[in-house]
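Trainee: need a 3D model of the following:
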Amino acid sequence: MENQTSEDIVISSDKSLLDLDRIHAVLASAYWSKGIPREVVERAIQGSLCFGVYKAGAQIGFARVITDHATFAYLADVFIVEEEKQRGYGKALIAHITEALGRLRLRRTLLATADAHGLYRQYGFTPLEKPDNFMEINVKEIYQQGKAGTS
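Mentor: Down below sits the predicted model:
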């Protein structure tokens, strides 16, 4: 996946450019991953297709896609840092990702969001056609629990 540059930002899938400290700081305070350990963020990045958003060389956004590159993808951990929101960078990021995934010709791409439905609708995402077909194992507050075998 190549880099995309606009007049203000660069979007890149080069993992060597990622600012792990910044990504971890944002994700550890996000509603969907509160308290996530840095080690878990690092493992998630290793196993995912990642996109960084950079402005003047500093990382201001991130998203990762869990995918087999053939049939399925799950878009996760999407953010633009608070001080850069409302400038179109989130739209640029999602446009870049949906274009990249479109080239893979996947059968299904999923995501979950509590508050950005309007953004994702602009790029073709819709509510589940058959939500009763989907099931989950959802371990609530997993990052607030101790490690297995500890008290």
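Trainee: show me which positions of the longest helix seen in the chain end up buried.
Mentor: Counting residues, the longest helix found in the chain (DSSP state H) is helix 89-104. Neighbour-count burial for helix 89-104 flags 89, 90, 92, 93, 94, 96, 97, 98, 100, 101, 104 (criterion: 16 or more other C-beta atoms under 10 Å). No exception for glycine: its C-beta is placed from N, CA and C like everyone else's.
Trainee: could you give the mean pLDDT of stretch 50-58?
Mentor: The pLDDT scores in stretch 50-58 average 96.
Trainee: any idea how far it is from the chain center?
Mentor: In this view, stretch 50-58 has its centroid 13 Å away from the chain centroid, taken as C-alpha atoms, centre = their mean, to the nearest Å.
Trainee: who are the packing partners of the longest helix of the chain?
Mentor: Where contact means 3 or more C-beta pairs under 8 Å, 6 or more residues apart in numbering; DSSP states H and E, helix 89-104 is packed against strand 9-12, strand 49-55, strand 58-67, strand 72-80, helix 117-121.
Trainee: so where's the protein shaky on pLDDT?
Mentor: Judged against pLDDT under 70, the low-scoring parts of the chain cover residues 1-7, 146-151.
Trainee: before we move on, back to that, put the alpha carbons of the longest helix of the chain into PDB.
Mentor: The C-alpha atoms that make up helix 89-104 are tabulated as PDB, following Å, rounded to 0.1, in the frame of the first residue of the first chain:
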ATOM      1  CA  TYR A  89      -8.000  14.300   8.000                       C
ATOM      2  CA  GLY A  90     -10.300  11.500   9.200                       C
ATOM      3  CA  LYS A  91     -12.100  11.600   5.900                       C
ATOM      4  CA  ALA A  92      -8.800  11.500   4.000                       C
ATOM      5  CA  LEU A  93      -7.700   8.500   6.100                       C
ATOM      6  CA  ILE A  94     -10.900   6.500   5.500                       C
ATOM      7  CA  ALA A  95     -10.900   7.400   1.800                       C
ATOM      8  CA  HIS A  96      -7.300   6.100   1.600                       C
ATOM      9  CA  ILE A  97      -8.100   2.900   3.400                       C
ATOM     10  CA  THR A  98     -11.200   2.100   1.500                       C
ATOM     11  CA  GLU A  99      -9.400   2.700  -1.800                       C
ATOM     12  CA  ALA A 100      -6.600   0.400  -0.700                       C
ATOM     13  CA  LEU A 101      -9.000  -2.300   0.500                       C
ATOM     14  CA  GLY A 102     -11.000  -1.900  -2.700                       C
ATOM     15  CA  ARG A 103      -8.000  -3.000  -4.700                       C
ATOM     16  CA  LEU A 104      -7.900  -6.200  -2.700                       C
END
